[in-house]
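Q: sequence and computational prediction follow.
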Amino acid sequence: MPDNRLPLRTRALIGLCAVGLSTAAIAAPNPVAEAQALEILKRAITFRSVEGPENQTPQLAAYFKEMLVAGGFAPEDVTITPVDDTAFLVARYRGSDPKLKPLLMSGHMDVVEAKPADWQRDPFTPVIENGYIYGRGATDMKFDAALMIASLIDLKRQHFTPKRDVILVLSGDEETIMKTTQMLAAKFPDAYMLLNGDSGGGSLSEDGKPQYFALEGAEKAYGDYTLTFTNPGGHSSAPRKENAIYELAAALTRIGEHQFTPQLNEITKAYFLGVAAQTEARTGAAMRAFAADPTNKEAIATLAADPAHVGQIGTTCVATMVNAGHARNALPQRASANINCRIFPGTSFQQVQDELVRVAADPKMQISFIDTGTTASPPSPMRADVTAAVREALDIGYPNVPIIPSMASGASDSMWFRVRGVPSYGVAPVFIKDSDDFSHGLNERTPLANIAPGVAYWKVLIRRLSN
């Protein structure tokens, strides 16, 4: 941990002494758990837990089980369920009152594919340089999985007994079809709540100062649509006006220039009002203006031009893949494109499809929705007990950092629990700069300074919300 954070922790500990010895003990430095978290993270990165015939997610699950059992969990309380080429893990930390609904902690073990030839370092070999750990999953989300596991083991080491069961659920295909997540959500439909270590999190300014913590209570739905044009084709020496590639290109241009009607809900309104004070003046003014009036054209233009915020003001759709033609010397018989949409809560997949058809404005276009198993989910209520627990946990390492409700622009495991009525919150304690976020990209990395406050955070959060 950087020296400049030590006074913050010291002040936090002084304040926590009044709460009681048990809280202070949990908040104190946790050198054993911190070292274990790092070792778990380094080992986890070595597993190539990527969809496909060489998927090592089941082996990673077996390693996690080995660590949990060695840390005090009964072998029968840690189960691994194979599913196709992957698996999911369930670890039950038994409470004193089995009649109470369980508290779930969630994450995923799989990662996005990474080609070693494209990286500066091997993506499945952990590398520590200049205070960062590099590797696929270093951010998304083996770092948080290691923090959760090390924290649970440390609570076992301290003989902590929760009132309600605390259950760690780790899915195995969150980055693809979420089949294991759906199975987990069906297994625990009556859970008290779910704490998701794969969303939410802290923001650092570019000079490394904590700005705010995003407490995620909603997320957009994920939707893919295929646009297709077909023609008879023919010889390229005799071009004709009708050409599937040109027709597709024209439709994509119209869709690319289109903006879906901006939307606002209680969570995004609170987010804009909270983040505005932490943001550059022009953008902050646009946030406040949009929160006051989501039809404000100047505010919309400013936020829509910013990749960091365009996803918060409504549904977005973007072309991600194209495929056209069958021979270099032939007119195209088919041209297709994938349109990836992130859909604002309350908007249906069909509504988005209808709007894409209207904007493309070509009756020859065929459109189909790709069923990836995703679903739309309702927002979770911003509960006072959750916010208070997060506040207490954050104050150990980041005293008084603002907590701001947020909506994720993408989908996570939370959506499958929300649709079953389980309140779900993104609470990842990792703080990172925008310039350091390489999730799904090359040379993924995360500051190791997150380990010490992250372990202390999870231990307080588990203790408070399980009791």
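A: Received the coordinates, thanks. From a predicted model like this one, the values you see are computed outputs, not experimental measurements.
Q: what's the domain layout of the chain?
A: Domain assignment for the chain by automatic domain parsing gives 3-219+376-466, 222-370.
Q: can you give me the distance of Ile404 to Gly233?
A: Plainly put, Ile404 is 54 Å away from Gly233 if you go by CB to CB, to the nearest Å. The way it works is simple: take the backbone N, C-alpha and C, and place the C-beta from them, glycine included.
Q: thinking again about what came up before, kindly reformat the domains of the chain as JSON lines and extend each row with mean pLDDT.
A: Converted to JSON lines, the domains of the chain look like this (pLDDT from 0 to 100):
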{"stretch": "domain 3-219+376-466", "mean pLDDT": "91"}
{"stretch": "domain 222-370", "mean pLDDT": "96"}
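Q: okay if I get these as CSV plus mean neighbour count?
A: Formatted as CSV, the domains of the chain follow (neighbours: other CB atoms under 10 Å):
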stretch, mean neighbour count
domain 3-219+376-466, 20
domain 222-370, 16
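Q: three-state assignment of Tyr271?
A: Following DSSP: H, G, I helix; E, B strand; the rest coil, we place Tyr271 in the helix state.
Q: excluding its backbone neighbours, what's nearest Leu303?
A: Nearest non-adjacent residue to Leu303, counting by CB to CB, 6 or more residues apart in numbering: His309, 4.7 Å away.
Q: tell me, what residue is most central in the chain?
A: Ser199 (3.8 Å; CA atoms, centre = their mean).
Q: all helices for the stretch 1-150 of the chain, in order.
A: For the stretch 1-150 of the chain, the helices defined by DSSP state H, counting those that start in this stretch cover 6-16, 21-27, 31-45, 57-70, 142-157.
Q: could you dump those helices to a markdown table with distance to Ala361?
A: Shown next, in a markdown table, are those (distance: least, CB to CB, whole Å):
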| stretch | distance to Ala361 |
| --- | --- |
| helix 6-16 | 56 |
| helix 21-27 | 60 |
| helix 31-45 | 48 |
| helix 57-70 | 44 |
| helix 142-157 | 44 |
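Q: compare these and give me the one nearest Pro210.
A: Proximity to Pro210 (CB to CB) singles out helix 6-16 among these, at 9.1 Å.
Q: run through who's touching the helix or strand containing Thr180.
A: For Thr180, the enclosing helix or strand under DSSP states H and E is helix 179-187. Residues outside helix 179-187 that contact it (CB atoms under 8 Å, 6 or more residues apart in numbering): 81, 83-84, 86-88, 90, 106, 108, 169, 171-174, 373, 413, 416-417, 419-420, 422.
Q: can you map out the helices along the stretch 301-450 of the chain?
A: Applying DSSP H, counting those that start in this stretch to the stretch 301-450 of the chain gives helices spanning 349-360, 384-394, 414-418.
Q: using CSV, lay out those together with distance to Ile339.
A: Shown next, in CSV, are the helices of the stretch 301-450 of the chain (distance: least, CB to CB, whole Å):
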stretch, distance to Ile339
helix 349-360, 6
helix 384-394, 35
helix 414-418, 20
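Q: Asp77 is nearest to which of the ones you listed?
A: Across these, Asp77 has its closest neighbour in helix 414-418 (20.8 Å, CB to CB).
Q: which residues does that closest one contact?
A: Helix 414-418 is contacted by residues 104, 106, 178, 181-182, 184-185, 188, 191, 194, 196, 199, 216, 219, 221, 374-380, 424-426 when judged by CB under 8 Å, 6+ apart.
Q: quick one: that helix to chain centroid distance?
A: Centroid separation for helix 414-418 versus its chain: 12 Å, with CA atoms, centre = their mean, to the nearest Å.
Q: verify the stated contact: Lys156 with Val69.
A: No: contact criterion CB atoms under 8 Å: Lys156 and Val69 do not qualify, at 10.6 Å.
Q: mind saving the C-alpha coords of stretch 162-181 as PDB?
A: Output in PDB follows, covering the C-alpha atoms of stretch 162-181 (Å, rounded to 0.1, in the frame of the first residue of the first chain):
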ATOM      1  CA  PRO A 162     -22.300 -15.200  10.600                       C
ATOM      2  CA  LYS A 163     -26.000 -15.300  11.500                       C
ATOM      3  CA  ARG A 164     -27.100 -16.200   8.000                       C
ATOM      4  CA  ASP A 165     -25.200 -18.500   5.600                       C
ATOM      5  CA  VAL A 166     -22.700 -16.700   3.400                       C
ATOM      6  CA  ILE A 167     -22.500 -18.500   0.000                       C
ATOM      7  CA  LEU A 168     -19.800 -17.800  -2.600                       C
ATOM      8  CA  VAL A 169     -21.100 -18.500  -6.100                       C
ATOM      9  CA  LEU A 170     -18.600 -18.400  -9.000                       C
ATOM     10  CA  SER A 171     -19.900 -18.800 -12.500                       C
ATOM     11  CA  GLY A 172     -18.000 -20.300 -15.400                       C
ATOM     12  CA  ASP A 173     -19.200 -18.600 -18.500                       C
ATOM     13  CA  GLU A 174     -20.100 -15.000 -17.600                       C
ATOM     14  CA  GLU A 175     -18.100 -13.800 -20.600                       C
ATOM     15  CA  THR A 176     -20.200 -15.900 -23.100                       C
ATOM     16  CA  ILE A 177     -23.700 -17.400 -22.600                       C
ATOM     17  CA  MET A 178     -24.100 -17.300 -18.800                       C
ATOM     18  CA  LYS A 179     -25.600 -20.800 -18.700                       C
ATOM     19  CA  THR A 180     -23.900 -21.500 -15.400                       C
ATOM     20  CA  THR A 181     -25.200 -18.100 -14.000                       C
END
